[in-house]
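S.K.: below are the sequence and a predicted model; questions follow.
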Amino acid sequence: ATATVQGQNKKPYWLDSIGAHSLDFAGRVTLPSNKNFQLELDGCTPETNALQFGKVTAPDGDSDCAIYTVDFRYPLSPIQAFGIALSSCDRKLACA
């Protein structure tokens with residue numbers, strides 16, 4: 001039998017200095033984006049994100065592509081992390 005793991009997006013906190021909600025990516029994500037997120041899994045400590053995904057480079061004059069990074073840890077496998085990150089981009093294609 002395979003165990004099922006459930007999780008949810010980490011709730012952002014209000015940051016007065018920018019007048020918006022924010023998440024602490026420990027320097028790994030450098031640009032704001034509605035695609036940025038952190039995934040908490042049930043049974044893990046709140047300080048331990050199972051996955052974080054976020055924007056690190058914006059499109060420029062030479063390229064119309066942004067670059068994102070994904071960090072993950074056990075119990076997620078590389079293919080699971082890739083699938084979660086890819087599905088996050090797919091559902092927000094019309095958003096910057």
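M.R.: Here it is on my side, so go on. Bear in mind that the values here come from a model prediction, so they are computed numbers and not experimental data.
S.K.: how about the strands in the protein?
M.R.: 7-9, 13-15, 20-22, 37-41, 51-57, 67-72 (DSSP state E).
S.K.: so which of the ones you listed comes closest to Val29?
M.R.: strand 51-57 (2.9 Å; Cβ to Cβ). (Each C-beta comes from the backbone N, C-alpha and C, glycine too.)
S.K.: what residues sit buried inside that closest one?
M.R.: Within strand 51-57, the residues that count as buried by 16 or more other Cβ atoms under 10 Å are Leu51, Gln52, Phe53, Gly54, Lys55.
S.K.: repeat that for stretch 16-31.
M.R.: So stretch 16-31, judged by 16+ other Cβ under 10 Å, has buried residues Leu23, Phe25, Val29.
S.K.: likewise for stretch 83-90?
M.R.: Buried, per 16+ other Cβ under 10 Å, within stretch 83-90: Ile84, Ala85, Ser88.
S.K.: contacts for that stretch?
M.R.: With Cβ atoms under 8 Å, 6 or more residues apart in numbering as the test, stretch 83-90 has contacts from Lys35, Phe37, Leu39, Leu51, Phe53, Tyr68, Val70, Leu76.
S.K.: now stretch 66-74: buried residues?
M.R.: Ala66, Tyr68, Val70, Asp71, Phe72.
S.K.: which member of those is positioned nearest Gly43?
M.R.: Relative to Gly43, the closest of the buried residues of stretch 66-74 is Phe72; by Cβ to Cβ it sits at 16.0 Å.
S.K.: local confidence estimate at that closest one?
M.R.: With respect to pLDDT, Phe72 scores 95.
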